[in-house]
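[1] Sequence below, structure please.
(one chain, ligands or ions: 1)
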Amino acid sequence: MNSPYKKAAAGISVLLAVIVLIAAIQTHAGADESPPAVVSQTVNGLNAEMQFGTYPVKRLQNNDFTVILTDSEGKPASRYNLRVRLSMSNMMCGDVSFMLKETAPGVYTGEAVPLMAGLWDADVEAHDGDRVVNFSRTLEAEAAH
Ligand SMILES: [Cu+2]
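    Residues are numbered from 1 along each chain as shown. All right, here's what the predicted structure looks like:
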């Protein structure tokens, strides 16, 4: 192999390394993205659309949290009891539990008060006397400005 080919090969290697690096940075940035304001989940035929009024939610403030429950035919699922538990994985900062109130058929609302800024898990337990259905989502809380 003579020198011009070696230089070209070296140039291509550097270019490939740069492309791999950019791809790695973009993947990492994607992983850091905040979870969406609205998360829709179906478990055992029951659909929960879980949404926050303002998002990201504010730490140590009341943040409107609404769950719209529909059955497998898309009709409002009424008369469920919904309990929400907020927790941070791998942290000792404490869980926050609260109940939601049904304010319209299949529409349940309450107020979430995260204790710290960061990523939280929200577990939503829906029970109607006969059965319990569990939903979960993540949310981002930020310091109030
Ligand atoms: Cu924490």
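[2] wait, V132 sits on R83?
    No. Using Cβ atoms under 8 Å, V132 and R83 do not qualify as a contacting pair, with a distance of 9.8 Å. Yep, even glycine has a C-beta here, placed from its N, CA and C like the rest.
[3] okay, and the common contacts of those two?
    Counting by Cβ atoms under 8 Å, 6 or more residues apart in numbering, the residues touching both V132 and R83 are E125.
[4] Run through the helices of this protein in chain order.
    Counting by DSSP state H, the chain forms helices over residues 3-31, given from the N-terminal end onward.
[5] can you list the domain ranges for it.
    Domain ranges of the chain: 1-33, 38-142, per automatic domain parsing.
[6] Tell me which of those domains is the most buried.
    Per residue and on average, the most neighbours among the domains of the chain fall to domain 38-142, with a mean of 16 (mean count of other Cβ atoms under 10 Å).
[7] From one end of it to the other, what's the distance?
    End-to-end distance for domain 38-142: 17 Å, by Cα to Cα, to the nearest Å.
[8] where does this protein come near the ion, residue by residue?
    Residues of the chain found near the ion (Cβ under 5 Å from the ion) are 88, 91, 93, 116.
[9] before we move on, the earlier item: dump the domains of the chain to CSV, plus mean pLDDT.
    As requested, the domains of the chain are exported to CSV (pLDDT from 0 to 100):
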stretch, mean pLDDT
domain 1-33, 62
domain 38-142, 96
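[10] Show me the strands in the chain, by range?
    Along the chain, counting by DSSP state E, strands occupy 38-43, 46-52, 57-58, 63-70, 81-87, 96-104, 107-112, 118-127, 132-142.
[11] Sounds good, over and out.
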